[in-house]
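Trainee: What would the 3D arrangement of this be:
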Amino acid sequence: MNLNRTNKAILQQLKANGRMSWQQIGKAVHLTGQAVAARVQQLEEQGLINGYTIRQKHVERHFVTMFMERLDFDGFEAFLIAEPRIEQAYKITGEGCYQFEFISNEKGDLDTFLNTLLRYGTYKVSSAIRCVK
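Mentor: Presented below is the predicted three-dimensional model:
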């Protein structure tokens with residue numbers, strides 16, 4: 001199969017939104033859904049389409065140990081629960097009062113977040129370098 005104008009249009013539709021149905025792509029490129037499916041299968045067989053991927057934004061994981069200076073544990077826990085960038089949070093024994101995992105998607109997220117923590121106490125931060133498991 002040649003990479004003609006219609007096949008290029010199908011590839012463009014898939015690149016823009018890989019979740020489109022064959023019918024939706026067909027409307028955009030003036031084919032039936034069955035014709036689009038057949039062309040996509042041929043493009044796969046020829047190696048022009050060799051996989052489908054999901055790309056996630058880069059995220060950074062930071063592990064924060066919190067040392068409370070005030071006895072406002074209820075207020076701090078409400079703060080943790082309301083913060084969508086915290087994945088896990090634990091009240092702990094040993095070193096510190098709380099330990100939690102903060103996920104940042106944008107540069108500067110961590111710095112801004114850490115500044116808000118200062119109203120509750122001090123903290124220690126460790127950042128993930130790579131995932132082992």
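
Trainee: tell me the domain ranges of the protein?
Mentor: 5-45, 60-127 (automatic domain parsing).

Trainee: partner residues bridging the closest residue in space to Ser127 that isn't next to it in sequence?
Mentor: Nearest residue to Ser127, sequence neighbours excluded (C-beta to C-beta, 6 or more residues apart in numbering): His62, at 4.9 Å. For every residue, glycine as well, the C-beta is placed using N, CA and C. Note on His62: beta-bridge partners by DSSP bridges are Phe102, Ser127.

Trainee: Do I have it right that His62 meets Leu110?
Mentor: Yes: with contact defined as C-beta atoms under 8 Å, His62 counts as touching Leu110 (5.8 Å).

Trainee: Find residues that contact each of these two.
Mentor: 102, 104, 125 (C-beta atoms under 8 Å, 6 or more residues apart in numbering).

Trainee: quick one: which of the residues you listed is most hemmed in?
Mentor: Compared across the shared contacts of His62 and Leu110, Phe102 has the highest neighbour count, 23 neighbours, by other C-beta atoms under 10 Å.

Trainee: pretty sure that residue is touching Ile86, no?
Mentor: Yes: using C-beta under 8 Å, Phe102 is in contact with Ile86, at 5.7 Å.

Trainee: hang on, the earlier thing: how about CSV for the shared contacts of His62 and Leu110, with pLDDT and distance to Gly26 added?
Mentor: Listed next are the shared contacts of His62 and Leu110 as CSV, based on pLDDT from 0 to 100; distance: C-beta to C-beta, whole Å:
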residue, pLDDT, distance to Gly26
Phe102, 96, 45
Ser104, 90, 41
Val125, 97, 51
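
Trainee: Mind putting those into JSON lines with distance to Asp74?
Mentor: Below are the shared contacts of His62 and Leu110 laid out as JSON lines (distance: C-beta to C-beta, whole Å):
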{"residue": "Phe102", "distance to Asp74": "20"}
{"residue": "Ser104", "distance to Asp74": "26"}
{"residue": "Val125", "distance to Asp74": "24"}
